[in-house]
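> Could you work out the structure for the sequence below:
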Amino acid sequence: MLQWVSVLIAGLIGGAAITVVKGRAGPLPPLLKEAVLKLEREHPWWSLFIFYLPLNGFLGMVASFLVWALGTAGDLQAQNLSGVQWATYIVTGFGGGSIIDALSERTKKAKVYDDMTTTLADALKKQQEQIDDLKKKR
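Okay, here's the model as predicted:
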(Lines give C-alpha, C1' and ligand atoms only; values in the text may rest on other atoms or scores of the structure.)
Protein backbone atom coordinates (compact mmCIF):
# COMPACT_ATOMS: atom_id res chain seq x y z
CA MET A 1 0.00 0.00 0.00
CA LEU A 2 1.21 3.52 -0.69
CA GLN A 3 2.68 5.28 2.33
CA TRP A 4 0.42 8.30 2.15
CA VAL A 5 -2.69 6.10 2.27
CA SER A 6 -1.27 4.22 5.26
CA VAL A 7 -0.49 7.53 6.95
CA LEU A 8 -4.07 8.73 6.44
CA ILE A 9 -5.44 5.48 7.88
CA ALA A 10 -3.09 5.68 10.87
CA GLY A 11 -4.09 9.31 11.46
CA LEU A 12 -7.76 8.33 11.22
CA ILE A 13 -7.22 5.67 13.89
CA GLY A 14 -5.36 8.12 16.14
CA GLY A 15 -7.91 10.88 15.65
CA ALA A 16 -10.80 8.51 16.31
CA ALA A 17 -9.03 7.29 19.46
CA ILE A 18 -9.19 10.78 20.97
CA THR A 19 -12.97 10.61 20.68
CA VAL A 20 -13.01 7.40 22.68
CA VAL A 21 -10.46 8.60 25.26
CA LYS A 22 -11.57 12.20 25.75
CA GLY A 23 -15.21 12.02 24.75
CA ARG A 24 -16.18 14.97 22.66
CA ALA A 25 -13.22 16.88 21.31
CA GLY A 26 -12.54 19.15 18.41
CA PRO A 27 -13.95 22.54 17.49
CA LEU A 28 -17.61 22.94 16.62
CA PRO A 29 -18.13 24.58 13.22
CA PRO A 30 -20.48 27.56 13.58
CA LEU A 31 -22.97 26.18 11.03
CA LEU A 32 -23.42 22.92 12.93
CA LYS A 33 -23.11 24.24 16.48
CA GLU A 34 -26.81 24.41 17.35
CA ALA A 35 -27.65 21.05 15.78
CA VAL A 36 -24.75 19.31 17.52
CA LEU A 37 -25.55 20.87 20.90
CA LYS A 38 -29.19 19.79 20.56
CA LEU A 39 -28.11 16.27 19.63
CA GLU A 40 -25.71 16.22 22.60
CA ARG A 41 -28.54 17.07 24.99
CA GLU A 42 -30.92 14.48 23.57
CA HIS A 43 -28.54 11.66 22.58
CA PRO A 44 -24.97 12.19 23.86
CA TRP A 45 -23.62 8.92 22.41
CA TRP A 46 -25.06 9.62 18.98
CA SER A 47 -23.33 13.00 18.85
CA LEU A 48 -20.03 11.28 19.61
CA PHE A 49 -20.37 8.82 16.75
CA ILE A 50 -22.21 10.98 14.22
CA PHE A 51 -20.23 14.20 14.59
CA TYR A 52 -17.12 14.01 16.78
CA LEU A 53 -15.75 10.67 15.56
CA PRO A 54 -15.58 11.78 11.88
CA LEU A 55 -14.33 15.26 12.86
CA ASN A 56 -11.54 13.96 15.08
CA GLY A 57 -10.66 11.26 12.56
CA PHE A 58 -10.32 13.94 9.87
CA LEU A 59 -8.20 16.16 12.13
CA GLY A 60 -5.97 13.19 12.95
CA MET A 61 -5.57 12.40 9.25
CA VAL A 62 -4.57 15.98 8.51
CA ALA A 63 -2.03 16.05 11.36
CA SER A 64 -0.45 12.73 10.37
CA PHE A 65 -0.36 13.64 6.69
CA LEU A 66 1.31 16.98 7.41
CA VAL A 67 3.97 15.34 9.58
CA TRP A 68 4.56 12.67 6.94
CA ALA A 69 4.68 15.17 4.06
CA LEU A 70 7.09 17.46 5.87
CA GLY A 71 9.27 14.60 7.09
CA THR A 72 9.55 12.68 3.82
CA ALA A 73 9.26 15.58 1.41
CA GLY A 74 5.90 14.12 0.38
CA ASP A 75 7.09 11.18 -1.74
CA LEU A 76 3.70 10.01 -3.02
CA GLN A 77 5.19 6.93 -4.70
CA ALA A 78 6.78 5.53 -1.51
CA GLN A 79 5.54 2.10 -0.46
CA ASN A 80 4.76 0.42 2.88
CA LEU A 81 5.20 1.75 6.40
CA SER A 82 7.09 -0.09 9.10
CA GLY A 83 5.40 -0.94 12.40
CA VAL A 84 7.17 1.91 14.15
CA GLN A 85 5.97 4.35 11.48
CA TRP A 86 2.39 3.10 11.89
CA ALA A 87 2.59 3.71 15.63
CA THR A 88 4.16 7.12 15.08
CA TYR A 89 1.39 8.28 12.77
CA ILE A 90 -1.34 6.89 15.04
CA VAL A 91 0.16 8.86 17.94
CA THR A 92 0.53 11.89 15.65
CA GLY A 93 -3.15 11.65 14.70
CA PHE A 94 -4.11 11.42 18.37
CA GLY A 95 -1.80 14.28 19.34
CA GLY A 96 -2.87 16.41 16.40
CA GLY A 97 -6.51 16.04 17.39
CA SER A 98 -5.60 16.88 20.99
CA ILE A 99 -3.66 19.98 19.96
CA ILE A 100 -6.45 21.27 17.74
CA ASP A 101 -8.95 20.64 20.55
CA ALA A 102 -6.73 22.50 23.03
CA LEU A 103 -6.38 25.45 20.65
CA SER A 104 -10.13 25.50 20.16
CA GLU A 105 -10.74 25.50 23.92
CA ARG A 106 -8.16 28.26 24.39
CA THR A 107 -9.90 30.38 21.75
CA LYS A 108 -13.24 29.89 23.50
CA LYS A 109 -11.74 30.93 26.84
CA ALA A 110 -10.10 33.98 25.28
CA LYS A 111 -13.47 35.04 23.84
CA VAL A 112 -15.13 34.60 27.24
CA TYR A 113 -12.42 36.72 28.89
CA ASP A 114 -12.78 39.39 26.20
CA ASP A 115 -16.55 39.45 26.72
CA MET A 116 -16.11 39.70 30.49
CA THR A 117 -13.62 42.54 30.10
CA THR A 118 -15.99 44.42 27.80
CA THR A 119 -18.88 43.92 30.22
CA LEU A 120 -16.83 45.13 33.17
CA ALA A 121 -15.59 48.15 31.22
CA ASP A 122 -19.17 49.05 30.28
CA ALA A 123 -20.31 48.67 33.89
CA LEU A 124 -17.47 50.88 35.14
CA LYS A 125 -18.29 53.48 32.50
CA LYS A 126 -21.95 53.57 33.63
CA GLN A 127 -20.88 53.83 37.26
CA GLN A 128 -18.58 56.72 36.43
CA GLU A 129 -21.39 58.47 34.56
CA GLN A 130 -23.68 58.04 37.57
CA ILE A 131 -20.99 59.42 39.87
CA ASP A 132 -20.49 62.40 37.56
CA ASP A 133 -24.28 63.04 37.51
CA LEU A 134 -24.39 62.95 41.33
CA LYS A 135 -21.48 65.42 41.55
CA LYS A 136 -23.29 67.80 39.16
CA LYS A 137 -26.46 67.67 41.28
CA ARG A 138 -24.60 68.84 44.40
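> Just give me the neighbour total for Lys38.
The number of residues packed near Lys38 is 11, by other CB atoms under 10 Å. In this view, the C-beta of every residue, glycine as well, is placed from N, C-alpha and C.
> Also Ala110?
Counted with other CB under 10 Å, the neighbours of Ala110 add up to 10.
> Looking at it now. What's its pLDDT?
At Ala110, the model reports a pLDDT of 85.
> any idea which element it lies in?
Secondary structure assignment for Ala110, by DSSP states H and E: helix 83-137.
> just how off-centre is that helix within its chain?
With CA atoms, centre = their mean, to the nearest Å as the basis, the distance from the averaged C-alpha position of helix 83-137 to the chain average is 14 Å.
> Please name every helix or strand in contact with that helix.
Secondary-structure packing of helix 83-137 (3 or more CB pairs under 8 Å, 6 or more residues apart in numbering; DSSP states H and E): helix 3-22, helix 53-72.
> any idea of the mean pLDDT for the last one?
Pointing back at helix 53-72 there. Helix 53-72 comes out at a mean pLDDT of 82.
> Could you list every helix and strand that that helix packs against?
Using 3+ CB pairs under 8 Å, 6+ apart, the elements in contact with helix 53-72 are helix 3-22, helix 83-137.
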